[in-house]
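Asks: Provide a 3D model corresponding to the input given below.
(chains A and B)
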There are 2 protein chains.
Amino acid sequence: MKKESPSERRARLLEVAKRSVSNAYATEEHSVIQAINAYLELERIKNQVYERLEEWYSIYFPELKISNQSTYAKFVIEIGENKKAASVEKLRGVLGEKAEDTMKGIAYSIGREPSEAEYATIRRLAETELRLIEMENDVDAYLEGSTKKLMPNITYLIDYKVAAELLAKAGSLSRMAVLPAGTIQLLGAEKALFKHIKFGGKPPKYGVLFKLPAVSNAPKNRGGKIARMYAAKISIASKADAFTKRFIADKLKEKLDKAISRSASQPRRSNAAPPSNTYRKWKR
Amino acid sequence: MKKESPSERRARLLEVAKRSVSNAYATEEHSVIQAINAYLELERIKNQVYERLEEWYSIYFPELKISNQSTYAKFVIEIGENKKAASVEKLRGVLGEKAEDTMKGIAYSIGREPSEAEYATIRRLAETELRLIEMENDVDAYLEGSTKKLMPNITYLIDYKVAAELLAKAGSLSRMAVLPAGTIQLLGAEKALFKHIKFGGKPPKYGVLFKLPAVSNAPKNRGGKIARMYAAKISIASKADAFTKRFIADKLKEKLDKAISRSASQPRRSNAAPPSNTYRKWKR
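Replies: Numbers count the residues shown, from 1 in each chain, chains lettered A, B, ... in the order given. Have a look, this model is predicted:
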C-alpha cells in the first residue's frame, strides 16, 4: 500500500469527520426537535399577536366578545371595515349563532369606524394572526407524522407533542434511551429541581409530563406517582425506539394502565411525613 | 319644562357617558399607540422566527451565510427543497453577487436534503417570516403617515417612531403636553429611575430618546446633555401639537441645532463630581 502524504491524510481525515457529522444529522430527530421548539414559540407568538389585535380593534368595537382567536381575526377581516354596514347574513357567516347578539352590540356600540389607513393596518394584523394559526397547525401535522414514525413506542404511550418535548429536552433519542426514569420524570423541571437542591423546599414531581391529562387531572397527591409510572414506561419504550426498534408499547400500556388503576384503589397516605431533602442534608 | 322621571334621567346620563367615552377614543392617537406597540412586538417576533428558521435550516445547509433575514427566507423558499439541483442563475436571482460563493458551499456542504414533509414545514416557516417582515413594513408605513399628521411639530424634530413611542409611554398627547421636559427625557427609563431612587447608583440619562442617533452616537458624557436639550424642545412642540395646533417646529429645530453645536464647542467637565442622589438623601 502506498504511503499517504501528510496533506493526503489531512484530506482523508477531514472527509471522515465531515461524513460522521453528516451521519449524526441524517436522522429526522433533529428536525423534530426544531419543529417542537417552533411549535411552542408559535403558540406564544400567536397569542401575543391576538392580544394586540384584540386590544387594537377594541377601539372600534369594544363590545365585541369572541373567545376564539381565529373567529376574531375573521371578524376583523370580513366586518371590521364598516361594522354598521354589516348584514345579519354576513355576521352569521362568521359568527354562526352569535350573529343576532352581535348585531345588537353593533347598534349600541360606542366605538367609531376605523379610518382607511387604520383599517388597512389592522386587517393585515388579523391576516397575520390567521397565518400564524395555520402555520401552527402545519407544524402540528408535521410533528404528528414525524414523531409517530420516529418514536412509535413512546407516542403509543403518550401524546406525540409531549413525546417531542421530552426528546427536545433530552437532546437526542439515544441520549433519552439511557436516561434513568427519574430523570425523564423531571425533564423540563430543571429550574425547580435546582432551586430545590440549592434552597431546599419541595422537590418537583414532574416537568414536561405535567402536560399529560392523566397527570394534570390526577387527584391531589397522586400526580407525582402517576408521572413516575409514566416515566418508568417511557424509559423502557425509548430504549425500544432507539435501539431494538421493536414494538412493545401495547404491552407497556397495558401494564401502565393496570399499575395506575391499582394505585388509585390504594388508600392515600395523607399523614405521611414530607419527603426528606437528601441533597440539602448532604450539602450541609 | 317637563320633569324627568328617574329612568329617563338614567338613560340620558348613560347616553352622555357613552358619548364622552366615544369622543375620548375618536382621535387617532389611540391607534397610533396600538401601532407602535404592534411594531415593537413584530420586530421581536420577526427576529425570533428568523432565529428558529436559521437554526432549523442549518441542519440541511450549515455552511449558508446570509445576514439579511428576508434573503435567507427567500433562499429557503426558492432553493431549500433541493439545494444540489439549484443552478447558478437561480442562485443569482436570490443572492446576487454571492451566488458563486454559495454554489461552492453547496458542493461541499455536509448537510443532507430535507424530506418532503420537513421541507413543506420549513418552507411555511420561511413564508411566515416573509409575511412578518411585510407586516412590519405595513405598520411602519401607517405609523409614518399617522404620526406626522397627529404630531407635525414633534415629528419635525425627531424620528416618527421615537415620537410614537414617547406618545405610547405618556399615554396620550394631551398628557404628554403637560409633562415637564425632565419627565419626557426619562420616558421609557422608568425601571432604571426607580432602581436609582430605591437603591442609589447612577440616575438614568435617557429612555426612549436613546434611539435618536444624535443621542446614541454622541461622544461620552454628552448623550445626557443632548437628550435633555431634545426633551426641552419636544415638550414645547407637544404643547403646540396638542393645543395650539400651530407649526413652530422649524424655529424650535433651529434653536435646538444651535444649542447642540454650542454645547459641543464647550470643554467637557471631565473631573466634575458625580451627581448627588437627592432622592436617596431625602429618603434616609
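Asks: going by C-alpha atoms from here, please, whenever you check contacts or count neighbours.
Replies: Will do.
Asks: contact partners for the residue lying closest to residue A:126 once chain neighbours are set aside?
Replies: Nearest residue to residue A:126, sequence neighbours excluded (Cα to Cα, 6 or more residues apart in numbering or on different chains): residue A:73, at 4.7 Å. Going by Cα atoms under 8 Å, 6 or more residues apart in numbering or on different chains, residue A:73 touches A:50, A:53, A:126, A:127, A:129, A:130.
Asks: likewise residue A:55?
Replies: residue B:34.
Asks: quick one: the helix or strand where it lies to chain centroid distance?
Replies: In the assignment (DSSP states H and E), residue A:55 maps to helix A:29-57. Computed by Cα atoms, centre = their mean, to the nearest Å, the chain-centroid distance of helix A:29-57 equals 10 Å.
Asks: below-threshold pLDDT in the stretch 151-284 of chain A: ranges please.
Replies: Counting by pLDDT under 70, the stretch 151-284 of chain A shows low-confidence ranges at A:267-284.
Asks: and whichever residue of it sits closest to chain B, how many neighbours?
Replies: Going by Cα to the nearest Cα, chain B is nearest to residue A:168 of the stretch 151-284 of chain A, at 13.1 Å. By other Cα atoms under 10 Å in any protein chain shown, 22 other residues sit near residue A:168.
Asks: could you do residue A:129 as well?
Replies: 24.
Asks: any idea how far it lies from residue B:199?
Replies: Using Cα to Cα, to the nearest Å, residue A:129 is found at 42 Å from residue B:199.
Asks: that older thread, what kind of secondary structure is the residue nearest to residue A:126 in?
Replies: helix (DSSP: H, G, I helix; E, B strand; the rest coil).
Asks: same question for residue A:3.
Replies: coil.
Asks: what's the domain layout of chain A?
Replies: As given by automatic domain parsing, the domain ranges for chain A are A:29-143, A:152-265.
Asks: pLDDT of the helix holding residue A:55, averaged?
Replies: Helix A:29-57 shows a mean pLDDT of 95.
Asks: quick one, what contacts residue A:182?
Replies: Residue A:182 sits in contact with A:228, A:231, A:232, where contact means Cα under 8 Å, 6+ apart.
Asks: contact residues of chain A facing chain B?
Replies: A:18-19, A:21-22, A:25-26, A:30-31, A:34, A:38, A:45, A:49, A:52, A:55-56, A:59, A:110-112, A:117-118, A:121, A:124-125, A:128, A:131-132, A:135, A:138-139, A:142 (Cα under 8 Å from any Cα of the partner chain).
Asks: of those residues, just the buried ones, ChimeraX syntax please.
Replies: The buried subset of the residues of chain A next to chain B, as determined by 16 or more other Cα atoms under 10 Å in any protein chain shown, is captured in ChimeraX by this line:
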select /A:18,22,25,26,30,31,34,38,45,49,52,56,59,110,111,112,118,121,124,125,128,131,132,135,138,139,142
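Asks: quick check: longest helix of chain A.
Replies: Longest helix of chain A, by residue count under DSSP state H: helix A:116-150.
Asks: following element in sequence after it, please.
Replies: helix A:152-157.
Asks: tilt between whichever helix or strand comes after that following helix and helix A:29-57?
Replies: For helix A:152-157, the succeeding helix or strand toward the C-terminus, using DSSP H and E, is helix A:160-170. Counting by axes from the mean of the first three to the mean of the last three Cα atoms, to 10 degrees, helix A:160-170 points 110 degrees away from the direction of helix A:29-57.
Asks: how near is the residue nearest to residue A:126 to chain B?
Replies: 15 Å (Cα to the nearest Cα, to the nearest Å).
Asks: now do residue A:94
Replies: 24 Å.
Asks: secondary structure class of that residue, three-state.
Replies: helix.
Asks: for residue A:258, give me its contacts.
Replies: For residue A:258, the contact set (Cα under 8 Å, 6+ apart) is empty.
Asks: again, but for residue A:35
Replies: A:139, A:142, A:143.
Asks: which residues in the stretch 151-284 of chain A form helices?
Replies: With DSSP state H, counting those that start in this stretch as the criterion, the stretch 151-284 of chain A has helices at A:152-157, A:160-170, A:173-177, A:181-186, A:190-199, A:213-216, A:223-239, A:249-265, A:278-283.
Asks: now those helices in TSV, with distance to residue B:255?
Replies: Below are these laid out as TSV (distance: least, Cα to Cα, whole Å):
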stretch	distance to residue B:255
helix A:152-157	70
helix A:160-170	59
helix A:173-177	67
helix A:181-186	64
helix A:190-199	55
helix A:213-216	65
helix A:223-239	69
helix A:249-265	78
helix A:278-283	66
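Asks: re earlier: can you give me every residue that contacts the closest residue to the residue of the stretch 151-284 of chain A closest to chain B other than its chain neighbours?
Replies: Of all residues not flanking residue A:168 in the chain, residue A:33 sits nearest, at 5.0 Å (Cα to Cα, 6+ apart). Contacts were defined as Cα under 8 Å, 6+ apart; by that measure residue A:33 touches A:164, A:165, A:167, A:168.
Asks: quick one: residue A:161 from residue A:175, how far?
Replies: 18 Å.
Asks: pLDDT weak spots in the stretch 1-150 of chain A?
Replies: Ranges of the stretch 1-150 of chain A meeting pLDDT under 70: A:1.
Asks: neighbours around residue A:180, how many?
Replies: Neighbours around residue A:180, by other Cα under 10 Å: 13.
Asks: report the contact partners of it.
Replies: Listed by Cα under 8 Å, 6+ apart, the contact partners of residue A:180 are residue A:235.
Asks: and it, how close does it get to residue A:157?
Replies: 17 Å.
Asks: residue A:231 now?
Replies: In terms of Cα to Cα, residue A:231 sits 10 Å off from residue A:157.
Asks: which one of those two has more residues nearby?
Replies: residue A:231 (22 against 19).
Asks: what are the phi and psi angles of residue A:222?
Replies: The phi and psi values for residue A:222, taken as degrees, to the nearest 10, are phi -100, psi -30.
Asks: elements contacting the longest helix of chain A?
Replies: Helix A:116-150 is packed against helix A:29-57, helix A:69-79, helix A:160-170, helix B:116-150, with contacts defined by 3 or more Cα pairs under 8 Å, 6 or more residues apart in numbering or on different chains; DSSP states H and E.
Asks: what's the angle between it and helix A:29-57?
Replies: Going by the same axes, to 10 degrees, helix A:116-150 makes 150 degrees with helix A:29-57.
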